[in-house]
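>>> I'd like to go over a predicted model; first the sequence, then the structure.
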Amino acid sequence: MKELKSNIVKAILKKLDMVKPDHGFHAGELIQYLEYPPDDKMGDLAFPCFRLSKALRKAPPMIAASLAEDFLCEGIAKAEAAGPYLNFRIDRAAFFKRLYGDITGSDRPYGSKTDGEGKTVVLDYSSPNVAKPFHIGHLGTTVIGHSLKKMHEFAGYKCIGVNHLGDWGTQFGKLTVAYRKWGDKEAVEEKGIDELVRLYVRFHEEAKERPELEDEARAAFTSLEHGDPEITALWRWFIDISITEYKKTYKQLDIEFDYYTGESFYTDKMPAVVEELKEKGLLTLDDGASIVDLEQYGMPPCLILKRDGSTLYPTRDIAAAIYRKNTFDFDKCIYVTSAGQCLHFAQWFKVLELMGREWYKDLVHVPYGTVSLNGEKLATRTGNVVLLKDLFAEAIEKAADIMKEKNPELAGKHEVAEAVGVGAVVFYYLSSNRMRDINFVLEDALNFDGNTGPYAQYTYARTCAIIKKAEQTEEAFTEQNDDEFALTKTLALFPETFDAALSAYEPSLITRYALDLCAAFNRFYHNCKVLTAEDEQTKAQRIALVKCTNKVLASALELICVKHPEKI
Ligand code: ARG
């Protein structure tokens, strides 16, 4: 569709040049004005003439009428004026022929790009806090982050995924104290994170009655900072146990990180930052703490050192950004976190700017809204959390039950149930704009008849089944009926949908596109016989449409981290 749009605009410009050579319009502007009419009956594309009116000193309907006269453009069967609009009809058979070539004829997937070639993007996402639960609040950063990674790869960038684990901070003091008081090695080895979280929650309960526990925890963390070997070993152990478990969840999502460089990794890289801030006169003392004053930028100060000289979350982020720039020479570094951290990122991005790091402009914070489950808010400290792994396990179990009913004979049942269950959760999550607060209802996510992951996967499996049954036929591109052409047009929208999703950091545009594609395909499939079509030509064309749907739907699902088994 992108190519056709640019052909139309060229043709319009040619006509404008004839009537008024100094009209001052250019292709980049006019292409923005092209619209998809709300009703297919009006046309496939429309060009509103309002904005030409002033420069041409003519009423829009007159402009439309004069442009329509002898309008010539490759790929356009008819151009017709309707009031202030110039409506276009696409030459259906030619359009599909070309599209089929684009979708099936190249090594690179349709819609993918080379814009990013030679450029590197670092993506910082998921990043749970060790010793605290990996709960459904992390679903957003994990799946939006990974999907952005896939999207950048699709656009040709080299991508580096970093898990900026929260592996440093006072919670380790708390955990150490709790472990020493109530913990037990076997239990931690056996139950892993669950046991660590149990200890962490117990700490908070007991500390309500005995506030002195907090002092003990602080002291323990200070010992860790000073390298106390016993506490350091415990700390390392807590982290290893946690990473092993995170990896199980990541595996279900097909996620692999290039680095697990958590916050502690930057400990020895922070003194240089503090030094530089001092040298550049950016550090001020505030009640014993060191801060960068950001008042003139309308923000509270960025905290660099606590009164006791220990570093803070922003200090580590600044050191990490400098390290990444030096190490990977990124063109862009993307951070995906909840919207609650917007100020944090705005603050330390500003500090880097003040430090004179021009590349602060290449740092991008991608925030997202909150998640509740069945209408309930979740909180870590009270233990009212739903772990991501439990949510996935429940989804997989439910998916398996549904599938047992639908298709009891299916081979590889467990893997498919995992793909369907986990896919349902991810798809549901990525259906809404990322800034929207989401209420998660598992039954809705798993509804095979709703606008869900299973529905999209089921549609994909249907295309696979048809392709498998179809004997190799010659390709044919005949005049298309309305259902065939509606599907063709939807397929052709994939590249521009991808562009929009990439530039807005918005995977949900792709999820919703996948639903549109499934809807167009299922309407087509319902109304048009494929394997038993009227004649060979029609059959060949329809099989070609199924093949295109199969490829594009696979790409869309892969971009949003949803697996697509061939059979469900
Ligand atoms: N561990 C943090 C949290 O769970 C997220 C880290 C995000 N990345 C960063 N570079 N600050 O809130």
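Arrived safely, thanks for sending.
>>> Test my guess that Ile334 contacts Ile144.
No. Taking CB atoms under 8 Å as the definition, Ile334 is not a contact partner of Ile144, at 9.9 Å. Heads up, the C-betas are built off the backbone N, CA and C, glycines and all.
>>> In terms of packing, which of those two has more residues around it?
Using other CB atoms under 10 Å as the criterion, Ile334 and Ile144 rank with Ile144 on top: 27 against 23.
>>> Need the residues touching each of Ile334 and Ile144.
Counting by CB atoms under 8 Å, 6 or more residues apart in numbering, the common neighbours of Ile334 and Ile144 are Tyr125, Val366, Tyr505.
>>> of these, closest to Pro565?
Pro565 lies nearest to Tyr125 out of the shared contacts of Ile334 and Ile144, by CB to CB, at 25.6 Å.
>>> List the contacts of that closest one.
Contact criterion CB under 8 Å, 6+ apart gives 141-142, 144-146, 148-149, 161-163, 334-336 as the residues in contact with Tyr125.
>>> got the buried residues for stretch 385-397?
Within stretch 385-397, the residues that count as buried by 16 or more other CB atoms under 10 Å are Val385, Val386, Leu387, Leu388, Lys389, Leu391, Phe392, Ala395, Ile396.
>>> oh, I was asking about stretch 166-180
Across stretch 166-180, burial judged by 16+ other CB under 10 Å covers 166-169, 171-179.
>>> Return only those of those found close to the ligand.
Of the residues in the buried residues of stretch 166-180, proximity to the ligand by CB under 6 Å from any ligand atom holds for Gly166.
>>> just the helices in the stretch 451-568 of the chain please.
With DSSP state H, counting those that start in this stretch applied, the stretch 451-568 of the chain shows helices at 453-469, 482-492, 494-504, 508-527, 536-559, listed in chain order.
>>> which bits of the stretch 1-150 of the chain sit near the ligand?
Residues of the stretch 1-150 of the chain lying near the ligand (CB under 6 Å from any ligand atom): Asp124, Ser127, Pro128, Asn129.
>>> low-confidence ranges in the stretch 1-150 of the chain?
Under the criterion pLDDT under 70, no range of the stretch 1-150 of the chain is flagged.
>>> Check the chain too.
377-384, 472-473.
>>> Repeat the analysis, applying 50 as the threshold.
Low-confidence segments of the chain (pLDDT under 50): none present.
>>> how about the residues of it near the ligand?
Residues of the chain found near the ligand, taking CB under 6 Å from any ligand atom as the criterion, are Asp124, Ser127, Pro128, Asn129, His164, Gly166, Asp317, Tyr335, Thr337.
>>> Thr141 versus the residue lying closest to the fourth one once chain neighbours are set aside, what's the distance?
Okay, so that is Asn129. Leaving out its chain neighbours, the residue that sits closest to Asn129 by CB to CB, 6 or more residues apart in numbering is Gly166, at 3.2 Å. From Gly166 over to Thr141 the distance is 12 Å, taken as CB to CB, to the nearest Å.
>>> Tell me how many other residues surround Glu536.
Neighbouring residues of Glu536 were enumerated by other CB under 10 Å; the total is 11.
>>> my bad, should have said Asp40
12.
>>> Surely it and Asp482 touch.
Yes. Using CB under 8 Å, Asp40 makes contact with Asp482 at a distance of 7.3 Å.
>>> my guess is Lys10 meets Gly28, correct?
No. Counting by CB under 8 Å, Gly28 is not a contact partner of Lys10; they are 12.0 Å apart.
>>> and those two? which has more neighbours close in?
The residue with more neighbours, out of Lys10 and Gly28 and counting by other CB under 10 Å, is Lys10; that gives 14 against 9.
>>> which SSE is the more buried one in?
Element membership of Lys10, judged by DSSP states H and E, is helix 2-19.
>>> Can you name the residues that contact the closest residue to Lys567 other than its chain neighbours?
Nearest residue to Lys567, sequence neighbours excluded (CB to CB, 6+ apart): Ala461, at 5.5 Å. If a contact means CB under 8 Å, 6+ apart, then Ala461 has His564, Pro565, Glu566, Lys567, Ile568 as its contacts.
>>> one more time with 10 Å
Contacts here follow CB atoms under 10 Å, 6 or more residues apart in numbering; on that basis Ala461 touches Asn407, Val416, Asn550, His564, Pro565, Glu566, Lys567, Ile568.
>>> Buried only: go through those residues for me.
Among the contacts of Ala461, those scoring as buried are Val416, Asn550, His564, Pro565, Ile568 (criterion: 16+ other CB under 10 Å).
>>> No further queries at this time; thank you.
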